[in-house]
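> here's a sequence, model it:
(one chain, ligands or ions: 2)
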Amino acid sequence: MGAKSEVVGNVVHGPNSPGEWWRGGTIYQVYPRSFADSNADGIGDIRGVIDKIDYISWLGVDAVWLSPVYRSPQHDNGYDISDYYSIDAAYGSLEDLDELIASLHDRGIRLIMDLVVNHTSNEHPWFIESSSSSENPKRDWYIWRPARPGIPKGTAGAEPTNWESYFSTPAWTFDKTSGEYYLHLFAPEQPDLNWESPTLRREIYRMMTWWLDRGVDGFRMDVINLISKNYPLQDGKLLPHGELGDGSPWYLHGPRLLEFLDEMSSEVFSGRHSNAIRIGETPDVTIEQAEALSAEGASTLDMVFQFEHVGLDREAQDWHKPRDIDEGDVYHNLVRWQEGLASTGWNSLYWSNHDQPRTVSRYGDDRPEHWANSAKTLATTLYLMRGTAFVYQGDEIGMTNFPFSNLDDFRDVSAVNYIAAALGRGESPEEILGRLKRTGRDNARTPMQWAATERGGFSDSKSWYPVNPNFRRISVDQQIGDRASVLAHYKRVIAARKTRPELVEGRFVDLDVQIPGVIAYERIDGSRTTRVVANLSSEPVETTFHERPDWAERGILAVNPAGDDYMKPWQSIVWVS
Ligand code: GLC
Ligand code: CA
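Numbering: from 1, shown residues only. Ligands and ions are numbered 1, 2, ... in the order given. Alright, predicted model coming up:
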């Protein structure tokens, strides 16, 4: 069974129930490598986060989600962990982390750690043992298979199945020492763990409990709906762009997923840890699956983190290849999820994270005349919906995509491997560059722009990744005292979620405005209503829809106000009764 409920005051808190802090809360994501560098080695670190706690607290957020800081060879910037119990030297020490937890808690802010347990690093001692021989007791902690019958092992095509990994290589790598292949749904340096092993699962639960005992308030669980594989593993349908196949039927939402999460909840999220948060990163999750995973009182997750709205503008089977979308597609997809999870289940609300391009460049308009208004109106549109808000570092100041000019500019392992694969297929460098400029994850990973000074105030020496050259125009320092800034707007939106109860549990009603570019919805709880009206386009639109409704008391959060009979580009207004 899942975690127990606990009575706090006269509100019952239990797994995923109304009244939980996070339902109306905002979680700020810190990507530590690019947040703030305290010791001038060019790499952001934990002490850098500690130095910025006043800023984080000023924003009004309830929690910080810290991307991985565990020891790691950094092939995937920490999503390849070689020791779950220590902090990577580049980021600091366990003492620094303890101090971060204490300083956040002093200000009433929680700390959510990243939990990466679909895979480890290939340098993790478990994998080193597992690969040392097929007889090793940890052999079954990873997923090993012999070569395909009839093809000499180690040669092309001998992989046990034809799957492509998420990072453009075959999903199997041959290990010479033990003569078999291991599965990795991501880079070859990220071997998948075998969750069928009860001893492995126990070891993971022990590690999670160790962190919660240290004061961590919960986990964002990396690709958690991939942990249960669907056996026997078989070849998938060929993908359009090459010779590899789609293995997703054998790893998405596998047959034992709910059982494993249920077990995790009773082993980890119970007793003294029953209030720790369980956020599941769940690529390709369907609404039905999301309902089951995050239902009120569910013994599995508190919420899903799903990808449909950030998958619309790229090809499903080639996610670095952009796809044009129609005006309104993104909003309508958000509505689909609002309506889908209306009676049961809980969603997260995010525009961006370390895996996505920058919001304002992607779904807004980063040209100077529209940049601020589109950044603000996008924030209003998303964060007043039903769900837990996630703000990715830098989005609150309208940071933009990076002006890549060359294929060598990309660092991210997914981009680097994609480039190699696409060049190998004979695609042109210009075409590949054009795609990655729009879809590359490096867009979100440039250093945080704190000030209009050298290196954007991120570091006192050359940063591990170049700062976006627009740091003299876009920075925290310039916006923090300006009530009209993107930053001030984000702070007001975060605060609105706290002061208007209908924004937390209230019903979501799409007003289905049939005017291209214009969207409107209401959040209703008893006698209180909030109405959001926005022009999500860079053109003025003739309409009177944004005018004061009869019942409204006042308009708040106004962006780019216009006249009575038209809305300006990226204009938005929120009416509250
Ligand atoms: C998640 C992370 C991403 C990482 C991948 C493999 O999607 O957010 O950054 O590359 O999992 O761990
Ligand atoms: Ca540093």
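> quick check: phi and psi at Glu263.
Main-chain dihedrals, Glu263, degrees, to the nearest 10: phi -60, psi -40.
> the residue nearest the centre of the chain and ligand 2: what is the separation?
Nearest to the geometric centre of the chain sits Asn353, at 4.6 Å (C-alpha atoms, centre = their mean). The spacing between Asn353 and ligand 2, counted by C-beta to the ion, to the nearest Å, is 22 Å. The way it works is simple: take the backbone N, C-alpha and C, and place the C-beta from them, glycine included.
> please apply the same query to Ala375.
Between Ala375 and ligand 2 the computed distance is 29 Å (C-beta to the ion).
> begin at 330 from now on, thanks
Got it, the first residue is 330 from now on, which makes the last one we talked about Ala704.
> wouldn't that residue be in contact with Gly727 here?
Yes: counting by C-beta atoms under 8 Å, Gly727 is a contact partner of Ala704 at 3.8 Å.
> identify the contacts common to those two.
By C-beta atoms under 8 Å, 6 or more residues apart in numbering, Ala704 and Gly727 have these common neighbours: 689, 815.
> if we can go back for a sec, please report phi then psi for the residue nearest to the centre of the chain.
Phi and psi for Asn682, reported as degrees, to the nearest 10, are phi -160, psi -170.
> is the nearest residue to it once chain neighbours are set aside in a bridge, and if so with what?
Among residues not flanking Asn682 along the chain, Tyr721 sits closest, at 4.9 Å (C-beta to C-beta, 6 or more residues apart in numbering). Using DSSP bridges, the bridge partners assigned to Tyr721 are Gln358.
> domain ranges for this structure, per the record?
Listed by automatic domain parsing, the domain ranges of the chain are 348-449+527-733+775-808, 454-512, 734-774.
> deepest-packed of the ones you listed, please.
Compared across these, domain 348-449+527-733+775-808 shows the largest average neighbour count, a mean of 20 (mean count of other C-beta atoms under 10 Å).
> for that one, what is the average pLDDT?
Mean per-residue pLDDT for domain 348-449+527-733+775-808: 97.
> is it correct that Tyr413 falls within a strand?
Yes: Tyr413 forms part of a strand when assessed by DSSP: H, G, I helix; E, B strand; the rest coil.
> tell me which element the residue lying closest to it once chain neighbours are set aside falls in.
Distances taken as C-beta to C-beta, 6+ apart place Met536 nearest to Tyr413, at 4.7 Å, with adjacent residues excluded. For Met536, the enclosing helix or strand under DSSP states H and E is helix 527-542.
> other SSEs contacting that helix?
Here helix 527-542 touches strand 412-416, strand 547-550, helix 586-596, going by 3 or more C-beta pairs under 8 Å, 6 or more residues apart in numbering; DSSP states H and E.
> mind giving me the packing neighbours of the helix or strand just after the first one?
Spelled out, it's strand 412-416. Counting by DSSP H and E, the element after strand 412-416 in chain order, helix or strand, is helix 423-435. When contacts are defined as 3+ C-beta pairs under 8 Å, 6+ apart, helix 423-435 packs onto helix 375-380, helix 382-388, strand 412-416, strand 439-444.
> can I get these in TSV including distance to ligand 2?
Shown next, in TSV, are those (distance: least, C-beta to the ion, whole Å):
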stretch	distance to ligand 2
helix 375-380	7
helix 382-388	17
strand 412-416	12
strand 439-444	19
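> turn these into TSV, columns for distance to Arg531.
Shown next, in TSV, are the helices and strands packed on helix 423-435 (distance: least, C-beta to C-beta, whole Å):
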stretch	distance to Arg531
helix 375-380	29
helix 382-388	35
strand 412-416	14
strand 439-444	16
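> perfect, I'm done here.
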